[in-house]
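# no FASTA, just this:
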Ligand code: GAL
């Protein structure tokens with residue numbers, strides 16, 4: 001049994017400043033991303049918000065917050081500068097170009113932890129939002145664990161708008177081959193997939209691995225499943241080794257899963273993979289709960305048309321993915337940006353955003369009754385589960401490690417070389433985590 005990570009331990013890893021900026025996609029994606037970038041500064045009385053929320057569910061959540069902003073601050077011209085590509089696989093490069101070129105958006109989506117602290121705060125590109133945090137009284141409604149991973153020194157640098165769960169298995173309600181009872185362990189899961197395939201389902205497990213980060217999610221979830229939460233967290237504090245046999249075991253489980261996925265996985269993203277459940281060609285997919293936002297945006301009802309359980313072998317752990325917004329230095333519409341940050345941290349904003357986004361609110365005073373039953377379970381589990389920070393979504397490790405790992409996972413799905421990838425991952429850890 002693993003213990004819940006204490007706040008101090010969580011912070012120690014999620015807030016340590018050691019990273020460098022790196023882009024995790026191909027050169028072609030990088031160029032495409034750069035050419036789609038906007039120039040910043042929306043003219044008179046504008047508010048330019050940068051994110052990668054373009055898919056079903058996430059785009060709807062963002063639109064809800066824009067609605068609230070417009071009601072409160074009429075006359076502000078909101079510019080939605082979202083760049084498509086799950087997990088920011090294109091957006092992060094566009095943002096980096098803009099920030100380095102002195103053309104920041106007014107506010108941008110950034111993950112709590114290393115992605116915020118060891119890139120933008122470390123590079124001195126952010127203004128603290130401490131005074132907003134205090135005047136809005138967020139200490140009394142946002143858990144201290146979350147505040148700590150958006151803090152450095154005596155300052156707070158962004159406000160968490162949600163908490164996503166990265167370790168979730170989504171099961172089509174129509175499936176009687178993969179069921180919540182058949183997936184407690186990775187071996188159970190593989191055996192259900194095997195039966196489904198033998199029964200004629202060609203690709204029971206939907207995967208969209210465009211950008212590779214989705215495979216990093218399989219890897220981090222498998223690490224928790226095979227090693228436990230303490231082992232996983234120890235990889236970032238130095239108490240576990242990246243040469244441990246658990247690394248190979250986790251990779252081997254991905255290799256086995258790949259026998260059951262759609263052959264075009266490298267060309268599709270997470271939302272198209274979720275769509276395969278709705279099209280009845282796959283039975284399950286492993287993804288963060290933004291997939292729930294996608295399903296409900298596409299008219300599926302939670303716990304009726306689909307359901308969710310912790311990804312195989314990870315019950316009682318919660319892989320944290322936390323989206324936040326802050327204030328870049330030189331924001332062209334600074335006052336409007338401060339008001340945006342206030343909406344992101346408000347009860348009204350989080351109550352409108354999270355049910356559509358698929359996440360649970362960062363605030364503790366948003367009533368669970370406005371959420372679907374899966375989110376209600378997740379809200380309850382978040383309070384007691386052991387928390388693990390995600391590598392794929394910026395909290396656990398510096399950006400350079402995360403993007404190096406994404407590249408390695410891209411190699412792994414092609415070559416399926418467990419020993420080779422394990423050795424390369426250990427090298428990355430030596431280079432970027434020490
Ligand atoms: C994550 C982000 C989520 C969701 C997801 C898919 O990095 O935290 O909010 O957008 O990517 O794009």
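Here it is on my side, so go on. Since the model is a prediction, treat every value here as computed from it, not as a measurement.

# enumerate the residues of the stretch 101-250 of the chain near the ligand.
Counting by Cβ under 6 Å from any ligand atom, the positions of the stretch 101-250 of the chain adjacent to the ligand are residue 164. Glycine gets a C-beta too; all of them are placed from N, C-alpha and C.

# no no, the stretch 301-434 of the chain
321, 323, 393.

# wait, the second one sits on residue 159?
No - in this structure residue 323 lies outside contact range of residue 159 using Cβ atoms under 8 Å: 10.0 Å.

# circling back: among the residues of the stretch 301-434 of the chain next to the ligand, which are in strands?
The strands, defined by DSSP state E, take in 321, 323 from these.

# neighbour count and distance to residue 135 added to the residues of the stretch 301-434 of the chain next to the ligand, as a markdown table?
As requested, those are exported to a markdown table (neighbours: other Cβ atoms under 10 Å; distance: Cβ to Cβ, whole Å):
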| residue | neighbour count | distance to residue 135 |
| --- | --- | --- |
| 321 | 26 | 28 |
| 323 | 27 | 22 |
| 393 | 26 | 29 |
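
# of the residues of the stretch 301-434 of the chain next to the ligand, which is the nearest to residue 146?
Of all these, residue 323 has the smallest distance to residue 146: 11.2 Å, by Cβ to Cβ.

# pLDDT wise, what is the closest one at?
Residue 323 carries a pLDDT value of 98.

# now residue 24
Looking at residue 24, its pLDDT is 33.

# what's the answer for residue 217, then?
On the pLDDT scale, residue 217 gets 99.

# let me know the helix or strand that it is in.
Per DSSP states H and E: residue 217 is located in helix 213-237.

# which other helices and strands contact that helix?
Applying 3 or more Cβ pairs under 8 Å, 6 or more residues apart in numbering; DSSP states H and E, one finds that helix 213-237 contacts helix 7-14, helix 186-198, helix 245-257, strand 284-286, strand 317-321, strand 386-389, helix 399-415.

# got the ones you listed as CSV, with distance to residue 425 columns?
Below are those laid out as CSV (distance: least, Cβ to Cβ, whole Å):
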stretch, distance to residue 425
helix 7-14, 17
helix 186-198, 19
helix 245-257, 6
strand 284-286, 19
strand 317-321, 18
strand 386-389, 17
helix 399-415, 6
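
# quick check: mean pLDDT of stretch 153-167?
98.

# next one: stretch 305-317
If you average the pLDDT over stretch 305-317, you get 98.

# can you give me the end-to-end distance of it?
Taking Cα to Cα, to the nearest Å, the first and last residues of stretch 305-317 lie 25 Å apart.

# and for stretch 301-320?
By Cα to Cα, the extent of stretch 301-320 from end to end equals 24 Å.

# tell me the buried residues in it?
Going by neighbour count (16 or more other Cβ atoms under 10 Å), the buried part of stretch 301-320 is 302, 305-314, 317-320.

# shaky segments in this protein?
1-43 (pLDDT under 70).

# between the helices and strands packed on helix 213-237, which gets nearest to residue 144?
Residue 144 lies closest to helix 7-14 among the helices and strands packed on helix 213-237, at 6.1 Å (Cβ to Cβ).
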